[in-house]
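>>> Here's my sequence, what's the structure:
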Amino acid sequence: MPEVFSTARLASLRPSNQGSCRIRFVPIWTLFYKETLRFGKVWLQTLAAPLITTLLYLVVFGHALGSHVSVYPGVSYTAFLVPGLMMMAVLQNAFANSSSSLIQAKVTGNIVFLLLSPLSPTEIFGAMVAASVLRGTLVGLSILALALLYLHIPLLHPLWIVVFTVLGASGMGSLGLIAGLWAEKFDQIAGFQNFIIMPLTYLAGVFYSVQSLTGAWRQISLFNPFFYIIDGFRYGFFADSDASVWICLGVGIAFAGVTGLLAWRLLADGYKLRP
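Numbers count the residues shown, from 1 in each chain. As a prediction, the model looks like this:
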């Protein structure tokens, strides 16, 4: 990555209100708006592509296995797939939003403009995570709207749906910041997605009930935080889940809290942002 912080001025640069607890709305809104414009400009890639990918999953898995797999009483396998695919898309897109924004700014050198601004680490963190939550939520809503056109999907507990959407997307937005701060090249972000994020989401009960697993695979799934987020999210639709919804809530809060605190701390320390 090119050295963009070569002067002593940039090497010692910290936001002017670093020690202040005051959070200002206008700077947060400005950065949030900039981040939403960034993914909105390429909506075919950021919003439409996940929708098409999810539609293909529904067509292939729903039609191939729909008549052979039964998970919850009175719920078709295709309907069972929808919440899992929705949350998988929410998680992956929330991560992609913050991680791609940060690594792109670092590689091109544009990160200097963010560091020169009077934004505090808390304000940067809040704006970027909020933009990630928005992108993930928009993708999830578009998938649900499409699925409702030809499937009956109950929404028995909409509050749980909202809670787990926010927890999952904010946690992944924070994890994306961590990955973006750590990475120095685009292929490192791709590796993080391909070898960590995607396996964890695919093995989190998106396409199956964890209760159907036996032995080691079931135990491994129970240590996967994504499983609890997806399972709690699915409870909001069907009022049924593999684990207690309260356990899912606790894991979701812990996941969002730990990743958020770590991302904020790394931003405050200027981790890999200054030589």
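>>> going forward, measure contacts and count neighbours with C-alpha atoms only.
Fine.
>>> before we move on, what SS does residue 70 have?
Here residue 70 is recorded as coil under DSSP: H, G, I helix; E, B strand; the rest coil.
>>> State the distance from it to residue 62.
Shown here: residue 70 relative to residue 62, a distance of 12 Å by C-alpha to C-alpha, to the nearest Å.
>>> So for those two, which sits in the more crowded spot?
residue 62 (22 against 16; other C-alpha atoms under 10 Å).
>>> so what's the more buried one scoring on pLDDT?
We have a pLDDT of 77 for residue 62.
>>> For it, give me its contacts.
Listed by C-alpha atoms under 8 Å, 6 or more residues apart in numbering, the contact partners of residue 62 are 77, 78, 81.
>>> mind listing what's buried in the longest helix along the chain?
Across the chain, the longest stretch assigned as helix under DSSP state H is helix 77-108. Neighbour-count burial for helix 77-108, counted by 16 or more other C-alpha atoms under 10 Å, picks out 77-104, 106-107.
>>> still on that earlier bit, which neighbours do residue 70 and residue 62 share?
In contact with both residue 70 and residue 62: residue 77, using C-alpha under 8 Å, 6+ apart.
>>> tell me which of the contacts of residue 62 is nearest to residue 261?
Set against residue 261, the nearest of the contacts of residue 62 by C-alpha to C-alpha is residue 81 (32.1 Å).
>>> On the C-terminal side of the helix or strand of the chain with the lowest mean pLDDT, identify the next helix or strand.
The weakest-scoring helix or strand in the chain, judged by mean pLDDT, DSSP states H and E, is helix 8-11 (a mean of 42). Using DSSP states H and E, the helix or strand that follows helix 8-11 towards the C-terminus is helix 25-41.
>>> how close does the residue lying closest to residue 94 once chain neighbours are set aside get to residue 96?
Counting by C-alpha to C-alpha, 6 or more residues apart in numbering, residue 94 lies nearest to residue 132, which is 4.5 Å off, once chain neighbours are set aside. Going from residue 132 to residue 96 by C-alpha to C-alpha gives 8 Å.
>>> tell me, what's touching the two both at once?
residue 173.
>>> Can you list the low-confidence ranges for the stretch 51-200 of the chain?
Within the stretch 51-200 of the chain, the stretches with pLDDT under 70 are 66-68.
>>> Let me see the contact set for residue 47.
Residue 47 sits next to 135, 138, 139 when contact means C-alpha under 8 Å, 6+ apart.
>>> no wait, residue 176
Residues counted as contacts of residue 176 (C-alpha under 8 Å, 6+ apart) are 94, 95, 96, 97, 98, 99, 100.
>>> Using a markdown table, please lay out these together with distance to residue 25.
Shown next, in a markdown table, are the contacts of residue 176 (distance: C-alpha to C-alpha, whole Å):
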| residue | distance to residue 25 |
| --- | --- |
| 94 | 22 |
| 95 | 24 |
| 96 | 25 |
| 97 | 21 |
| 98 | 20 |
| 99 | 23 |
| 100 | 24 |
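>>> can you pull out the strands in the chain?
In the chain, no strands are defined using DSSP state E.
>>> As a check, name the ranges of all helices in it.
Here the chain has its helices, by DSSP H, at 8-11, 25-41, 43, 49-65, 77-108, 111-116, 121-148, 158-182, 186-192, 198-202, 215-222, 225-238, 245-269.
>>> can you give me how far the fifth one is from the chain middle?
In this case it means helix 77-108. On the basis of C-alpha atoms, centre = their mean, to the nearest Å, helix 77-108 sits 5 Å off its chain's mean C-alpha point.
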